Structures are given as C-alpha cells and as structure tokens.
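Visitor: Fold the stuff below for me.
(2 chains)
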Amino acid sequence: AQSVTQLDSQVPVFEEAPVELRCNYSSSVSVYLFWYVQYPNQGLQLLLKYLSGSTLVKGINGFEAEFNKSQTSFHLRKPSVHISDTAEYFCAVSLFRAAGNKLTFGGGTRVLVKP
Amino acid sequence: DTGVSQNPRHKITKRGQNVTFRCDPISEHNRLYWYRQTLGQGPEFLTYFQNEAQLEKSRLLSDRFSAERPKGSFSTLEIQRTEQGDSAMYLCASSSGTSQNTEAFFGQGTRLTVV
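Guide: Now for the predicted structure:
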C-alpha cells in the first residue's frame, strides 16, 4: 500500500518570504504526485501535478514542486508568499496505471502567512 | 456554476439517526469519488464510481455506509445509525475520461456533526 508523509503540520512564514512544504511518499509501484490547496470551508483545488517528464513542475499561483525519485520526495515551494496563501496544503499520490484516480493524501500542512 | 455541487453543506444529527448526502458532479465526468476528512487530517478515500458502477470501496466504508450513483449522474452517500465517530467533512470529487492522469475536481463538502 502507498502512504504519504507531510513532515510539517504547521509552517508560519512572513509575507514575501519563501516557503517550502515537505512531502515524502512510500509506494511499491510508480505513482503520480499532486499538491492540493484547501482554503477555510472550501473543497480542494489542484495546485500542480507530476505525471512524467521534467522533475520540476510549475503550478498555479507561483507554486512549483520538484520530484526526486531517489528520495521519494515531492516538495512544494514558493519564492515569495502572500497573505492570500494562508491555507492548508495536501500532498497526494495515485498509483500509476491503476484503475481510477483514487488519491492517497498526506496529513496536510497548515501555512500561516504573517504580515 | 458548473463545478461539483454537494448538499447539504452542513448537517447536524442525533446519534442513531440516518443521514443522506448528495453530490452532483461536473456534467460530463464519468468518475465520481467520495472521501472523508476528519479534523486536522487529510482526506481518506471511501468509494469510487465509474458511470453507475461502484468499482471500489475502502475498508473505512462499514456496512452502515452505502453509496449509489443511479444512471451515472448524481450520487448519494447514506450513513445509517450514525455514531459520533462519523462526524467529519464528506468530500465528493469527479473526473473525466478513462486515462489515469485526469484531474479530480472537488466539491465544497458536507460537514456532518453527530451529537
């Protein structure tokens, strides 16, 4: 079975500072990787995904993530955060070539951007 | 709004009562998923439909839980004899096509509180 670990449950950061959210996964087969954002009382919105190809993936709102197969990691970064980036961020995987798009999520990282 | 719609947004029920939630996916999407998210945790997969066929159920889905998707359109999730441990946000998502890498779009969720 696959699993996802988000190493930081909360990350406080000042506005315009960079942020990195760490994600490690475990799987016996190849996976697709995703980052979702959840604003208060909202559903999840896809930030970016890694399916194949270049290991550096760019997403919406200035976020990017890098897939590292040897370290089984998919860390999310943003060079300069805004107050509006305050939200909860979830890393997720789905199994390569498995039926459906069933996602396995990490526990989430709550980002609090301070002015 | 052509996104995934879930109703109701909030539900408070007494322990032992039955509840039913509805999900209307994006109209052309043939895949529909239910997830459960408890406070401070990432979403956990419950079940998955392709058209009207329920193709996978998690072990989290006890016999008190039943999901249907008649005619491959909207879906309902029923919980019988609710328990306090059922209190959670129930998220619905949909995706299109048969390829593995299509994005899942999430609804805003139904928050269930069992008192």
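Visitor: Any buried residues in stretch B:61-81, and which?
Guide: By 16 or more other CB atoms under 10 Å in any protein chain shown, the buried positions in stretch B:61-81 come out as B:Leu61, B:Phe65, B:Ser66, B:Ala67, B:Arg69, B:Gly72, B:Phe74, B:Ser75, B:Leu77, B:Ile79. Every C-beta, even on glycine, is put in place using the N, C-alpha and C of the backbone.
Visitor: And stretch B:83-98, by the same measure?
Guide: Along stretch B:83-98, the positions that meet the burial threshold by neighbour count (16+ other CB under 10 Å) are B:Asp86, B:Ser87, B:Ala88, B:Met89, B:Tyr90, B:Leu91, B:Cys92, B:Ala93, B:Ser94, B:Ser95, B:Ser96.
Visitor: as a whole number, average confidence for that stretch?
Guide: For stretch B:83-98, the mean pLDDT works out to 90.
Visitor: show me the contacts for the residue nearest to B:Gln41 when sequence neighbours are not counted.
Guide: In space, not counting the residues next to it along the chain, B:Gln41 is nearest to A:Gly107; the distance is 5.8 Å by CB to CB, 6 or more residues apart in numbering or on different chains. Going by CB atoms under 8 Å, 6 or more residues apart in numbering or on different chains, A:Gly107 touches A:Thr5, A:Gln6, A:Ser9, B:Gly40, B:Gln41, B:Gly42.
Visitor: tell me the two of those residues that are most distant?
Guide: A:Thr5 and B:Gly40 (15.0 Å; CB to CB).
Visitor: and the two? which has more neighbours close in?
Guide: When neighbours are counted by other CB atoms under 10 Å in any protein chain shown, A:Thr5 and B:Gly40 differ, and A:Thr5 comes out ahead with 14 against 10.
Visitor: element containing the more buried one, please.
Guide: Assigned by DSSP states H and E, A:Thr5 falls within strand A:3-6.
Visitor: what does chain B put close to chain A?
Guide: With the criterion set to CB under 8 Å from any CB of the partner chain, chain B comes near chain A through B:4, B:31, B:33, B:35, B:40-45, B:48, B:50, B:55-56, B:91, B:93, B:95, B:100-104, B:106-109.
Visitor: just the buried members of these?
Guide: The neighbour-count criterion (16+ other CB under 10 Å) marks B:4, B:31, B:33, B:35, B:42-45, B:48, B:50, B:56, B:91, B:93, B:95, B:100, B:104, B:106-109 among those as buried.
Visitor: Determine which residue lies closest to the centroid of chain B.
Guide: Centroid-nearest residue in chain B: B:Trp34, 3.2 Å away (criterion: CA atoms, centre = their mean).
Visitor: separation between the residue nearest to that one when sequence neighbours are not counted and B:Ser75?
Guide: In space, not counting the residues next to it along the chain, B:Trp34 is nearest to B:Leu46; the distance is 4.3 Å by CB to CB, 6+ apart. Distance of B:Leu46 to B:Ser75, computed by CB to CB, to the nearest Å: 11 Å.
Visitor: Which neighbours do the two have in common?
Guide: Shared contacts of B:Leu46 and B:Ser75, defined by CB under 8 Å, 6+ apart, comprise B:Trp34, B:Ala67.
Visitor: what's the span of stretch B:61-71 from first residue to last?
Guide: According to CA to CA, to the nearest Å, stretch B:61-71 extends 22 Å from its N-terminal end residue to its C-terminal end residue.
Visitor: what does that stretch contact?
Guide: B:32, B:34, B:46-47, B:49, B:51-52, B:54, B:75-83.
Visitor: likewise stretch A:49-64?
Guide: Contacting residues not belonging to stretch A:49-64 are listed as A:32-35, A:37, A:46-48, A:65-69, A:74, A:76-80, A:85, B:101, B:103 [CB under 8 Å, 6+ apart].
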